[in-house]
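> 3D model of this:
(chains A and B)
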Protein chains: 2
Amino acid sequence: MTTLSVFMDVPLAQKLEGSLLKTYKQDSCPNKIFLAFRVCQTSKGHPWVSSVVPKMRLQIAQDPSLNYEYLPVNGMKSFTEAALKLLFGKHNQVIVENRYQLEGGCVPTEPYGLVFQDMGFTVREYSFWDSKQLCMDANVLLNVAEQAPHGCIFVIGNICDCNLTQSQWATLMASLKSKQIFLFFDISNQGLSTGDLEKDTGFLQYFVSQGFEFFCSQSLSKTFGIYDEGVGILVVVALNNELLLCVLSQLMKLTQALWLNPPTTGARIITSILCNPALQEEWKQSLKGLVENIMLIKEKVKEKLRLLGTPGSWDHITDQNGSHSYLGLNVQQVEYLVKKKHIYLPKNSRINFTCINAHNIDYITQSINEAVLSTKGLD
Amino acid sequence: MTTLSVFMDVPLAQKLEGSLLKTYKQDSCPNKIFLAFRVCQTSKGHPWVSSVVPKMRLQIAQDPSLNYEYLPVNGMKSFTEAALKLLFGKHNQVIVENRYQLEGGCVPTEPYGLVFQDMGFTVREYSFWDSKQLCMDANVLLNVAEQAPHGCIFVIGNICDCNLTQSQWATLMASLKSKQIFLFFDISNQGLSTGDLEKDTGFLQYFVSQGFEFFCSQSLSKTFGIYDEGVGILVVVALNNELLLCVLSQLMKLTQALWLNPPTTGARIITSILCNPALQEEWKQSLKGLVENIMLIKEKVKEKLRLLGTPGSWDHITDQNGSHSYLGLNVQQVEYLVKKKHIYLPKNSRINFTCINAHNIDYITQSINEAVLSTKGLD
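Below is the predicted model:
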């Protein structure tokens, strides 16, 4: 029987991600190091987990009163409410005026480019990092807003890393309003940037007070250390509650067709922690410890490079917030590290500093020193 | 400030599901009964859970060696393999020839109509139930296949309930091939239909042996009692492995944009059970107990209707397989039960027999008797 396959014309899709990780995995060198993991690592090189999470996981498994029934399409109510309070603070205008809606579920936070592209949008990516001045440049954002087409969508990650001045904020707000730009904030590391949960998302309240409508996806996977489930919510802020009921009805329809019922395990663990003051405090302390450790690693890297006499100032390492920061290397230096030293990092030299630990810091800093010396005067 | 909302033109989406459940919930009558739950209920009216699941859940939570890292986009390999063996049997042709690909994730199994409609397909629904003859009618399927447009897709749930004869199978296969109809099987209750896991999905092997390519979504949520996560796989069967690599690459791309990483809890529980012969046996026994209970409930309902002298033969109740079967009532009789007796069931009278238990069986059968008597001679 000579049957033709219905799949005959299906082309092989290009791999869009993970080629760096793939090359790293195929490298047989015992000293190889990967500096681009998405999530925070412990000093032993395992994904970080808040100490309070395994305790709560066990407690939940032992609780005979819990059921494992289908959740409603819009998620676990207690979870979405607790997550919202974390994002906005208890007494925020949107909560008081019932101007938000929530949608819990498996919200992916990283491949936004892919999602929008698949929906037919033209996607342009911008980075606030100025690789010449070795600092964040708020003007990138201001220029993009000024030149953006009318009615486009801005997907914004860590806007607080830009350190906008009062007058820059005013300019930005004016551009966004006159261009009717719709905002989509992506908060996947609240508390990991400055170590202060409220400070990290304070800008959201500013947008609310200025009368903006927006979407905000909040993921709690990284800040609790629950990576095997996308634990998060989508917050919709609109001018009034009537508008929201319509938006919610559309979201519910989409959700029914996409995943029907969100998973509960992660949501249940996080809700139990956030709704118990003592456990919430323990979680906050664990998060603070993680941030302090990130700062310490950065200080050590800077100090070691200073002791090695590596040319240039390395203050930009400690000036940046969060686990992921730019090393400030050029493409030749990155290539030197990957090819000659088996240290894998992306071309823009933005690395996960928690991948650096007591075992590999000397090798990494010495290699950076070599890379900088070897390419001196080349660019 | 008079700002116009960006959501101004968002229409309120129509609710597509759950209106029967909503009416039931709003009913204040203490005797109200809902007979249309999607999942099997225990005699106490809780969702059924296999006895082996809570044990395994606890054991997993207590295991310090487990990590909760991101799963690969195509799911937990040990889970997808165990689920596939369950579906096809260990030594099946597709497994031996590496002609399948797997995709684990939060695969919704019920609102297929919605999913296909959202993608622009014209969806037509058919039921094999013949409400006049009170039996499954395989000719419905044969007629649909004969009249279907060339190259369309058939989404097929419980084909084994049709009891096709050898010659009906041959006719069906011929129509499907000549029309180049693509098959999408939906298996969400393997083992619940006949009580025999292999028997319930035996037809898949027949399609493989006849050289068909198809998709098959398998959900294990109902047969293990893990309802808070969509635990399942999508199996792609193609003519050869080269074709599959292309299909898989496209699926991976879609998955990355849709949910990125599938949840692990349910997959981990089920894998641990299926990979341990003793636990697998315990699970099979619990499933068998559930099926026997369904048969017992149906027998009791039939016997009570006989004792009440309810007009008509009620053999069709015990002739049907599975938890969900047609009572064989007409629209007037269903309306009588809903409006007069607060017993909620869909218009086609297909109910979940596990919603009937020792506490409500007398009320339900007496009400059915009343409904039948009250509408006698009306149609």
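> hmm, A:Ile364 is touching A:Phe353, no?
No - between A:Ile364 and A:Phe353 there is no contact under CB atoms under 8 Å: 10.4 Å. (Each C-beta comes from the backbone N, C-alpha and C, glycine too.)
> which neighbours do the two have in common?
Residues touching both A:Ile364 and A:Phe353 comprise A:Val301, with contact defined as CB atoms under 8 Å, 6 or more residues apart in numbering or on different chains.
> interface residues of the stretch 101-250 of chain A facing chain B?
Within the stretch 101-250 of chain A, the positions lying close to chain B (CB under 8 Å from any CB of the partner chain) are A:106, A:108, A:110-111, A:114-115, A:118, A:180, A:182, A:211, A:213, A:225-230, A:238-240, A:243-247, A:249-250.
> mark which of these are buried, thanks.
A:106, A:108, A:111, A:114-115, A:182, A:213, A:225-230, A:238-239, A:243-244, A:246-247, A:249 (16 or more other CB atoms under 10 Å in any protein chain shown).
> looking at the residues you listed, which are in strands?
A:Phe182 (DSSP state E).
> ok, and the closest non-adjacent residue to A:Pro72?
Nearest residue to A:Pro72, sequence neighbours excluded (CB to CB, 6 or more residues apart in numbering or on different chains): A:Asn261, at 7.9 Å.
> can you give me phi and psi for the one you found?
Backbone torsions of A:Asn261, given as degrees, to the nearest 10, read phi -130, psi 120.
> contacts only, for it.
The contact partners of A:Asn261, by CB under 8 Å, 6+ apart, come to A:70-73, B:108, B:227-230.
> so for the host helix or strand of A:Phe184, mean pLDDT?
Using DSSP states H and E, A:Phe184 maps to strand A:182-187. Mean pLDDT, computed over strand A:182-187, is 93.
> that strand packs against which elements?
strand A:153-156, helix A:202-209, strand A:214-219 (3 or more CB pairs under 8 Å, 6 or more residues apart in numbering or on different chains; DSSP states H and E).
> which residues in the stretch 251-379 of chain A form strands?
For the stretch 251-379 of chain A, the strands defined by DSSP state E, counting those that start in this stretch cover A:324-326, A:343-344, A:350-352.
> so which of the ones you listed gets nearest chain B?
Closest approach to chain B among the strands of the stretch 251-379 of chain A (CB to the nearest CB): strand A:350-352, 13.9 Å.
> in its sheet, what does the closest one sit against?
strand A:324-326 (antiparallel) (DSSP bridges).
> quick one: distance of the partner strand to the chain centre.
Chain-centre distance of strand A:324-326: 12 Å, with CA atoms, centre = their mean, to the nearest Å.
> likewise for stretch A:295-312?
The answer for stretch A:295-312 is 26 Å, by CA atoms, centre = their mean.
> in whichever strand or helix holds A:Leu21, what's buried?
Using DSSP H and E, A:Leu21 sits within helix A:19-26. Using 16+ other CB under 10 Å as the test for burial, helix A:19-26 gives A:20, A:24.
> give the rounded mean pLDDT of the next helix or strand after it.
Sequence-wise, the next helix or strand downstream of helix A:19-26 (DSSP H and E) is strand A:33-34. The predicted model gives strand A:33-34 an average pLDDT of 97.
> so what strands line up beside strand A:33-34?
strand A:343-344 (parallel).
> need the residues that contact the partner strand.
A:20-21, A:23-24, A:27, A:32-36, A:337-338, A:363-364, A:367.
> chain center to it, what's the gap?
21 Å.
> then stretch A:265-283?
21 Å.
> would a markdown table of the contacts of A:Asn261 with distance to A:Gln166 be doable?
Below are the contacts of A:Asn261 laid out as a markdown table (distance: CB to CB, whole Å):
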| residue | distance to A:Gln166 |
| --- | --- |
| A:Tyr70 | 49 |
| A:Leu71 | 43 |
| A:Pro72 | 43 |
| A:Val73 | 42 |
| B:Pro108 | 48 |
| B:Tyr227 | 52 |
| B:Asp228 | 47 |
| B:Glu229 | 47 |
| B:Gly230 | 48 |
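> confidence-wise, which of those residues comes last?
Lowest pLDDT among the contacts of A:Asn261: B:Pro108, 42.
> pLDDT of the helix or strand harbouring A:Val94, averaged?
According to DSSP H and E, A:Val94 maps onto helix A:93-96. Helix A:93-96 carries an average pLDDT of 68.
> thinking again about what came up before, sitting in helices, which of the residues of the stretch 101-250 of chain A next to chain B do you find?
With helices taken from DSSP state H, the overlap with those comprises A:114-115, A:118, A:243-247, A:249-250.
> tell me the one of those residues nearest A:Gln168?
A:Val115 (29.2 Å; CB to CB).
> isn't that closest one up against B:Ala257?
Yes - counting by CB under 8 Å, A:Val115 touches B:Ala257, with 4.8 Å between them.
> where are the low-confidence patches of chain A?
A:1-3, A:15-18, A:91, A:95-111, A:377-379 (pLDDT under 70).
> mind checking which residue lies nearest the centre of it?
A:Ser188 (3.9 Å; CA atoms, centre = their mean).
> verify the contact between it and A:Tyr227 for me.
No - contact criterion CB under 8 Å: A:Ser188 and A:Tyr227 do not qualify, at 11.7 Å.
> still on that earlier bit, mark which of the contacts of strand A:343-344 are buried, thanks.
A:20, A:24, A:32-35, A:337-338, A:364, A:367.
> and which of the residues you listed is nearest chain B?
So of these, ranked by how close each gets to chain B (CB to the nearest CB), first place is A:Phe34, at 13.9 Å.
> my guess is the closest one contacts A:Tyr24. True?
Yes - A:Phe34 lies in contact with A:Tyr24 (CB under 8 Å); the separation is 4.7 Å.
> returning to what we had before: measure how far the helix holding A:Leu21 is from the centre of its chain, please.
The answer for helix A:19-26 is 22 Å, by CA atoms, centre = their mean.
> that helix near chain B at all?
No - on the criterion CB under 8 Å from any CB, helix A:19-26 is out of touch with chain B, staying 11.1 Å away.
> now for that helix, which elements pack on it?
Identification of packing neighbours for helix A:19-26 by 3+ CB pairs under 8 Å, 6+ apart yields strand A:33-34, strand A:343-344.
> got the buried residues for stretch A:262-275?
A:262-274.
> cool, and stretch A:158-166?
Those buried within stretch A:158-166 under the rule 16+ other CB under 10 Å are A:158-162, A:164.
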